[in-house]
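**Student:** Could you work out the structure for the sequence below:
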Amino acid sequence: MKAIFLFLLIIIGLNRIGYAEDGKKQTPPPSHTVIVSIDSSSITITTGRHKNTFEVDKNTLFFYEGNRVDVSGLKPGMRVMVSRAFDNKKAAAIYGSVAPVAAPAKPQ
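**Tutor:** Numbering: from 1, shown residues only. A predicted model of the protein is given here:
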């Protein structure tokens, strides 16, 4: 009997994890991968608090909104997806898109 009571107590407690004080489910803020810096030899990107730097070379392909561009076609602040080369240090292809738009402020 004690085991069943303890089991139910744990299930009820776990069910409340992830909910705010007012009972609404908490959603984490969106994190986008964006360009911090880019030049002809490297690209530094950030996702939330994580920062990565990849080498770029003459074989790296650059795209913006689906169109092929050169390295100058991508700018800091743009959303980006990096396709890594086999060594995980170089970028094989970089796909850029518009910068993320800040969410409108919620009325108080």
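**Student:** any idea how far residue 85 is from the residue lying closest to residue 69 once chain neighbours are set aside?
**Tutor:** Leaving aside its sequence neighbours, residue 69 sits nearest to residue 62 (CB to CB, 6 or more residues apart in numbering; 5.1 Å). Placement of C-beta: from N, CA and C, glycine included. Using CB to CB, to the nearest Å, residue 62 is found at 14 Å from residue 85.
**Student:** now do residue 70
**Tutor:** With distances taken as CB to CB, residue 70 is found 18 Å from residue 85.
**Student:** So for the two, which residue has more residues nearby?
**Tutor:** The neighbour comparison of residue 70 against residue 85 (other CB atoms under 10 Å) goes to residue 85, with 17 against 9.
**Student:** Does residue 34 touch residue 77 like I think?
**Tutor:** Yes: with contacts counted by CB atoms under 8 Å, residue 34 reaches residue 77, the gap being 6.0 Å.
**Student:** neighbour-wise, which of the two wins?
**Tutor:** When neighbours are counted by other CB under 10 Å, residue 34 comes out ahead of the other of residue 34 and residue 77, with 16 against 12.
**Student:** thinking again about what came up before, quick one: contacts for the residue nearest to residue 69?
**Tutor:** Contacts of residue 62 were listed using CB atoms under 8 Å, 6 or more residues apart in numbering, and they are 68, 69, 70, 71, 73, 74, 93, 94, 96.
**Student:** Look at the residue lying closest to the third one once chain neighbours are set aside and give its secondary structure.
**Tutor:** Okay, so that is residue 70. Among residues not flanking residue 70 along the chain, residue 62 sits closest, at 6.1 Å (CB to CB, 6+ apart). Using DSSP: H, G, I helix; E, B strand; the rest coil, the secondary structure recorded for residue 62 is strand.
**Student:** Roughly how far does residue 62 sit from residue 82?
**Tutor:** 11 Å.
**Student:** Specify which member of the contacts of residue 62 is nearest to residue 54.
**Tutor:** Within these, the smallest distance to residue 54 is 8.3 Å, found for residue 94 (CB to CB).
**Student:** That closest one and residue 43 touch, don't they?
**Tutor:** Yes: with contact defined as CB under 8 Å, residue 94 reaches residue 43; the gap is 6.3 Å.
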